[in-house]
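> coords please:
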Amino acid sequence: MKKVITYGTYDLLHVGHINLLRRARELGDYLIVALSTDEFNAIKNKKAYYSYEDRKTILEAIRYVDKVIPERTWDQKIQDVIENDIDIFVMGDDWKGKFDFLKDYCEVVYLPRTEGISTTKIKDDLQKRL
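Below is the predicted model:
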């Protein structure tokens, strides 16, 4: 079985998220999503609309996702790859090169982002409408 892992906040779920999850899952047989906890988002100066538990519930309902684990720190990736016997690490290409250190442990793939959509854009568009 080929296992894939990806990371993110997955707040205000949109088609770009779904495209990334679908393409990540197509690379293997089992997809794990490491979901940023509310506490970790605070460290990153990010504020999610939905709580960790709600975002986890949403992700677990997506057919491409087999398992959701918490992302609590920047430094847990090597441990996650080893503990979960990961074959492929996947991130959007806006992170290209940032996780190449994982190539010692698994294949690293940067997937193209879906053009014209992001959580930031959604938040900006909503703010303009108010």
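
> Tell me how many other residues surround Asp80.
Residues near Asp80, counting by other C-beta atoms under 10 Å, number 18. Where you see a C-beta, it was placed from the backbone N, CA and C, and this is true even at glycine.

> Does it belong to a helix, a strand or coil?
For Asp80, the assignment made with DSSP: H, G, I helix; E, B strand; the rest coil gives helix.

> Run through the residues that contact it.
5, 32, 34, 69, 86 (C-beta atoms under 8 Å, 6 or more residues apart in numbering).

> Lys47 versus that one, what's the distance?
24 Å (C-beta to C-beta, to the nearest Å).

> Repeat that for Arg55.
As judged by C-beta to C-beta, Arg55 and Lys47 stand 13 Å apart.

> Can you list phi and psi of Asp11 for me?
Dihedral pair for Asp11: phi -100, psi 150, per degrees, to the nearest 10.

> so when I look at Lys98, I'm seeing a strand, right?
No - the assignment for Lys98, made by three-state DSSP, is coil rather than a strand.

> And the helices in the chain?
Here the chain has its helices, by DSSP state H, at 15-26, 38-43, 52-60, 77-83, 119-129.
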